[in-house]
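# Coordinates for the following, if possible.
(chains A, B and C)
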Amino acid sequence: MTTSPTPPDAVTRILAAIRAVPAGQVAGYGHIAARAGLPGRARLVARVLREHHAPSLPWHRIVRSDGAIAIPRTSPGFDEQVRRLRREGVVVTNGRVRMPAAETPDTLDAVLWGPAARR
DNA sequence: ACGCTGACATTGT
DNA sequence: AACAATGCCAGCG
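This next block holds a predicted model:
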């Protein structure tokens, strides 16, 4: 299998994907990576976010796939992210946000085996 | 080149 | 929910 080289404009596309997230909504790192045409490059998205914390960039809308804030609570950025999210109407409890319905779709298993089968 | 580390994801306990 | 094991890839020493 040929290696999938990281395109030179990967960062640009990642930034575009982040900016595409509407206010009041959150997206996971993998989601952003996939949207940027870089499936499986979630860690690259994390690196980009750490470097490019520009004011125009809605960095606070990016959380982990399980809805948890990706930065340690002891970090100063943590509180600010929570503030920014709440300002947009996002419910944040204990460093964790409720993932939007689109991000937590019912799987076929859930339909067949019942809600109890959901993770 | 080698091993670690990291604002991650997925799967299985 | 929490932890461990893998996979992933870019920097750094």
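# Mind telling me what element A:Ala46 is part of?
Element membership of A:Ala46 [criterion: DSSP states H and E] is helix A:42-51.
# cool, and A:Arg86?
Per DSSP H and E: helix A:76-87 holds A:Arg86.
# Okay, buried residues for that helix please.
For helix A:76-87, a neighbour-count test (16 or more other CB atoms under 10 Å) marks A:81-82, A:84-85 as buried. Just so you know, the C-beta spots here come from the backbone N, C-alpha and C atoms, and that holds for glycine as well.
# and DNA strand C, which of these contact it?
When contact is defined as CB under 7 Å from any atom of the strand, the buried residues of helix A:76-87 do not meet DNA strand C at all.
# Which two among those residues are spaced furthest apart?
The most widely separated members of the buried residues of helix A:76-87, counting by CB to CB, are A:Val82 and A:Arg84 (7.4 Å).
# need the buried residues of helix A:76-87 in a markdown table with distance to DNA strand B and pLDDT, can you?
As requested, these are exported to a markdown table (distance: CB to the nearest atom of the strand, whole Å; pLDDT from 0 to 100):
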| residue | distance to DNA strand B | pLDDT |
| --- | --- | --- |
| A:Gln81 | 6 | 94 |
| A:Val82 | 12 | 94 |
| A:Arg84 | 10 | 94 |
| A:Leu85 | 11 | 95 |
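# beta partners for the residue most central in space within chain A?
Per CA atoms, centre = their mean, the C-alpha nearest to the average position across chain A is that of A:Gly28, at 2.2 Å. Beta bridges link A:Gly28 to A:Val63 when assigned by DSSP bridges.
# what separates it from A:Arg84, distance-wise?
17 Å (CB to CB, to the nearest Å).
# So which residues on chain A come close to DNA strand B?
Counting by CB under 7 Å from any atom of the strand, the residues of chain A that sit close to DNA strand B are A:28-31, A:42-43, A:45-47, A:49-50, A:53, A:59-60, A:62, A:64-66, A:70-72, A:77, A:81.
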